[in-house]
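Asks: return a 3D structure for these sequence lines:
(chains A and B)
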Number of protein chains: 2
Amino acid sequence: MADPTKSPPLTRDSVIAAHALIKQYIHYTPVLTNATLTELASTPQSASALANTQWAGQEPAKPKIRLWFKCENLQKVGAFKVRGAFHALTRLVAEEGWEAGGGRGRGVVTHSSGNHAQALALAARTMGVPAHIVMPKISTPSKIAATKGYGAKIIFSGSTSTEREAVVEEVIKETGARLVPPYDHPDIMLGQGTLGIELQEQVARMIAEGGEGQPKCSFALKGHRGKRKGLDAIIAPCGGGGMLSGTAISCEGTGISVFGAEPSFEGADDCKRGVEQGKRIETVKTLTIADGLRTPVGAYPWSVIYERKLVRQMFSVTEDQIKKALRLVLERMKVVVEPSAVVGLATALFNEDFRQLIEQESGEEGWDLGIAFSGGNVSVEALGKMFEPPVAKAERQEGLVGVSGEKIAENVAGKKHQEKS
Amino acid sequence: MADPTKSPPLTRDSVIAAHALIKQYIHYTPVLTNATLTELASTPQSASALANTQWAGQEPAKPKIRLWFKCENLQKVGAFKVRGAFHALTRLVAEEGWEAGGGRGRGVVTHSSGNHAQALALAARTMGVPAHIVMPKISTPSKIAATKGYGAKIIFSGSTSTEREAVVEEVIKETGARLVPPYDHPDIMLGQGTLGIELQEQVARMIAEGGEGQPKCSFALKGHRGKRKGLDAIIAPCGGGGMLSGTAISCEGTGISVFGAEPSFEGADDCKRGVEQGKRIETVKTLTIADGLRTPVGAYPWSVIYERKLVRQMFSVTEDQIKKALRLVLERMKVVVEPSAVVGLATALFNEDFRQLIEQESGEEGWDLGIAFSGGNVSVEALGKMFEPPVAKAERQEGLVGVSGEKIAENVAGKKHQEKS
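Replies: Below is the predicted model:
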């Protein structure tokens, strides 16, 4: 990949330029609205909902929020990651001396078991460049198959980042392939930021046109419609920070506030904690269900989020809040998203700090809030496991029933037998 | 509800008139396409996929099919049922003498634990008419709550149709409410048929416009695009037959073929079997996962489907094929549909009789096939149960783990212990 210092500057104009480069390759994904979710976001939480939280006993916030969902779950490969991958690849193939120096034959390499693997494989195939993808041996067969399906060469590694990076180094030594990292590079961030440009355009147009596409809601709009020109804010998930930082850059100078959301589980809110202590946290070990957000924020994204203060504030939500938001999207909105995609929505629905901020800044007029639905790659089995009935789950966690198939009925009987005797 | 003999004639013009009456109340739902599913439908099944079917050993069909999905899962209350309910209600309130005779005060009544209950409740509330909904005591709390949420009065009954109908009779005696049946009435059929009118309009427009909305596929379109004017056929699920018959009426005289799809499980394919034996089957007892299709086809729908031959042919699919289609829609298309919604897609993907028919009639040019996604009301728990890992399922079916929570670990140990001793 191109030397980061030769990347375009991290400005809104560079994001617009990135969009011009990649728009022929990606879907211009729809922005959806949903009356039930907008109404719910604009209804104060009950005292009982707040009872076991840090906001127990407080007066619930009364924000007015009109929600606009940017559906990157309907993007190619099912996630926003193609934006960054296509931007990195278009820039790479246009790099001076790359073609003449045999760069095309050497190809590109990355390590990922998730959406970036498929995104890079698709972008590389589209550009006629070989892709080497390092995946942990334990990756799910469907993800390996999907990545292979895009024509990439899969190289297996161990699961730790040290093991994975060692294999990447070997591949680079053997093939001369160029590394395309998943988030920590300006070209990737500028590519991901293109979703922010589209979301701004789409909401402004939908508000101007009025009618069907509007979030239907029982408040506010009448007196204020004339004033509304577009989004007031965007909230985006933060894992490595590529999308959040790119989106923030895409909003610079527009007056649109950008917020980041993370899971709080097992310290997955590294960026929020980093901002609070004024120093980037470089390692995280979490098994949050929002599996796209288990990585620590990268150095380049951090420079935008924290040092340039382009992200106003970071928020975090619990696993339970993520699941509640996920259920609402599946059951009410009828679209499939992965858990990582709903941390922004969960923040808007359940985080009183964020809700108070909106109430205080916007009053009766309310905010038009863009939610970045980052991706939709989740298997029906994974959903089933997330929402399995409590009894079945308790059994499984006790080792009574092995979802993976390794623990079977005999173990059950054996264990219980032992306990009883 | 109005005397059926006073309903408009069952013609395409009557469906268009119904659409004019209800379109202000319903969503003009989107038509989506999906490259993966269109490609899959246009790829011959493997010999191994056919090995354990009635087509074992046959040469797999090679149809070319471009799929267009009418997304009634995104309709109000999450299902097409609002179309019929709004049509019945608008006609009722306009009925001569109804208002003057105090009809509004007496309201409407139906029995349903599913989508029709919510649809009628919403239509009645919108029209300012009280609704009495008879629901089995064992209905899921979320469905009861949703129906109440639309302002309906819930009256509980036993679960058999005899018990439910007896309670309906009582309600009518007490209140004078008018019965609005879920499917077996011309007003309902004409209302449901409006989805066919929209689907025809939308596909014709999308083909004329070209570009993004088209199903992307690697075949055929080049040479033939000029000739394509719209749909060649529509396939719709058949439970009571309201939607299938309404859609068939909406296509009469257009040259668009209409097909029906049913689950084969435990005789749920009553309409198909009825057509084969030339006589409507009036009772069915099935627990197919396509729970919206457990009812036998009604007399009025039957007259359109069979006697007027407006439906060309009925097909059936297995539970496994329904699940496969459901998984593809959830995981690849990223939209949430209920199992009943995908029997048409399952037929297009897996039923060799239907696929051979398409190949023979359309050759290299292929068909533009409309798929009616009837609804999206399914809980995440129900999805989880449908796709639970085989081991967990086996355990549960043996009574080792009770999903409902009634059977617990002690039973497990007890049972296994007994077996070993």
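Asks: quick one: low-confidence ranges for the stretch 1-150 of chain A?
Replies: A:1-2 (pLDDT under 70).
Asks: contact residues of it facing chain B?
Replies: Residues of the stretch 1-150 of chain A lying close to chain B by CB under 8 Å from any CB of the partner chain are A:Y28, A:N73, A:L74, A:G78. In this view, the C-beta of every residue, glycine as well, is placed from N, C-alpha and C.
Asks: mind listing what the residue nearest to the third one when sequence neighbours are not counted touches?
Replies: The shortest distance from A:L74 to any non-neighbouring residue, by CB to CB, 6 or more residues apart in numbering or on different chains, is to A:T29 (5.1 Å). Residues near A:T29 by CB atoms under 8 Å, 6 or more residues apart in numbering or on different chains: A:K70, A:C71, A:E72, A:L74, A:Q75, A:L195, A:E198.
Asks: hang on, isn't the second one packed against A:V336?
Replies: So the one you mean is A:C71. No: applying CB atoms under 8 Å as the test, A:C71 and A:V336 come out as separate, 10.3 Å apart.
Asks: more crowded one of these two?
Replies: A:V336 (27 against 23; other CB atoms under 10 Å in any protein chain shown).
Asks: thinking again about what came up before, closest to chain B out of the residues of the stretch 1-150 of chain A next to chain B?
Replies: Distance to chain B across the residues of the stretch 1-150 of chain A next to chain B (CB to the nearest CB) is lowest for A:N73, with 4.9 Å.
Asks: I'd say A:Q45 and A:P60 touch.
Replies: Yes: taking contacts as CB under 8 Å, A:Q45 lies within contact range of A:P60: 4.7 Å.
Asks: PyMOL command for the buried members of the residues of the stretch 1-150 of chain A next to chain B?
Replies: Buried members of the residues of the stretch 1-150 of chain A next to chain B, defined by 16 or more other CB atoms under 10 Å in any protein chain shown, are picked up in PyMOL with:
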select buried, chain A and resi 73+74+78
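Asks: mind putting the residues of the stretch 1-150 of chain A next to chain B in JSON lines, secondary structure included?
Replies: Output for those, formatted as JSON lines (DSSP: H, G, I helix; E, B strand; the rest coil):
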{"residue": "A:Y28", "secondary structure": "coil"}
{"residue": "A:N73", "secondary structure": "helix"}
{"residue": "A:L74", "secondary structure": "helix"}
{"residue": "A:G78", "secondary structure": "helix"}
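Asks: how about stretch A:144-164: buried residues?
Replies: Under 16+ other CB under 10 Å, the buried positions of stretch A:144-164 are A:I144, A:A146, A:T147, A:Y150, A:A152, A:K153, A:I154, A:I155, A:S157, A:R164.
Asks: nearest spatial neighbour of the fifth one, skipping sequence neighbours?
Replies: This means A:A152. A:A121 (3.7 Å).
Asks: now the one you found: how far from A:V336?
Replies: Separation of A:A121 from A:V336 (CB to CB, to the nearest Å): 22 Å.
Asks: can you list the domains in chain A?
Replies: Using automatic domain parsing, the domains assigned to chain A come out as A:4-78+A:188-373, A:90-185, A:390-420.
Asks: just so I know, which of the ones you listed lies nearest B:Y300?
Replies: Closest of the domains of chain A to B:Y300 is domain A:4-78+A:188-373, at 29.8 Å (criterion: CB to CB).
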